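Q: Quick one: sequence and predicted model below, then my questions.
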Amino acid sequence: APELAAKAADLVGKALAADREAVATTAVRAIVTKNAAVAASVVASIAATAPEVAPAAAATAAEIAPDQAEKIAKAAALAAPSAASKIAAAVAKTNARHAARIARAVMSALPKSAGKIADAVIAAVPSAKAQVESFSQIFAGSPVTGGDVTQDTLRINGGAFPGEAPVAYGSAPGSDPTRP
């Protein structure tokens with residue numbers, strides 16, 4: 001199966017620029033129809049070779065194997081990060097019922113592009129706006145640092161290590177009549 005992905009990418013890479021999208025979608029359709037398990041790897045190989053056709057290739061694969069739409073979109077976006085928002089939008093449009101899950105998958109792969117990905121998916125599938133925006137806020141938010149306290153600025157023990165172990169109240173020898 002890995003040879004199918006390599007062969008598809010080779011065909012797309014050798015095609016004239018004007019024919020690349022048609023070659024990519026034809027190759028994806030032929031391969032994924034016969035073996036849906038290789039959909040993500042085929043699309044990722046094509047996306048790495050020709051990022052400009054990645055959205056069409058990913059949408060075609062997701063149309064044939066809708067149960068793998070998230071995996072296909074994520075693989076394509078990782079292979080062609082410059083086209084991630086277009087990939088997410090194209091795949092979400094072919095599987096509108098799961099547009100938010102597709103957006104989440106791509107945002108999790110490329111969190112710095114979450115806002116752009118969210119905008120593209122919302123433009124493609126307006127009904128997914130509320131869910132997509134909530135995922136966008138999660139992935140685009142600043143890293144969790146615990147408020148004003150971070151590990152780098154707070155010395156947890158106050159900087160002084162105690163010389164002796166603390167003694168609990170009432171733990172002096174003989175204070176418990178039931179114990180020797």
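A: In hand now; what should we look at? Numbers count the residues shown, from 1 in each chain.
Q: show me the contacts for the closest residue to residue 136 other than its chain neighbours.
A: With CB to CB, 6 or more residues apart in numbering as the measure, residue 118 is the residue that lies nearest to residue 136, at 3.6 Å, once sequence neighbours are left out. Placement of C-beta: from N, CA and C, glycine included. Shown here is residue 118, whose contacts under the criterion CB atoms under 8 Å, 6 or more residues apart in numbering are 103, 107, 132-133, 135-136, 140.
Q: From those, pick the one nearest residue 67.
A: Sorting the contacts of residue 118 by how near they are to residue 67, with CB to CB, puts residue 103 at the top with 17.1 Å.
Q: Now the residue nearest to residue 136: which helix or strand?
A: Using DSSP states H and E, the secondary-structure element containing residue 118 is helix 114-124.
Q: List the buried residues for the helix or strand following that helix?
A: In the C-terminal direction, the helix or strand that comes right after helix 114-124 (DSSP H and E) is helix 129-140. The neighbour-count criterion (16 or more other CB atoms under 10 Å) identifies 131-133, 135-136, 139-140 as the buried residues of helix 129-140.
Q: packing partners for the least confident helix or strand in the chain by mean pLDDT?
A: The helix or strand with the lowest mean pLDDT-type score in the chain, counting by mean pLDDT, DSSP states H and E, is helix 129-140 (a mean of 82). Contacts defined by 3 or more CB pairs under 8 Å, 6 or more residues apart in numbering; DSSP states H and E place helix 129-140 against helix 99-109, helix 114-124.
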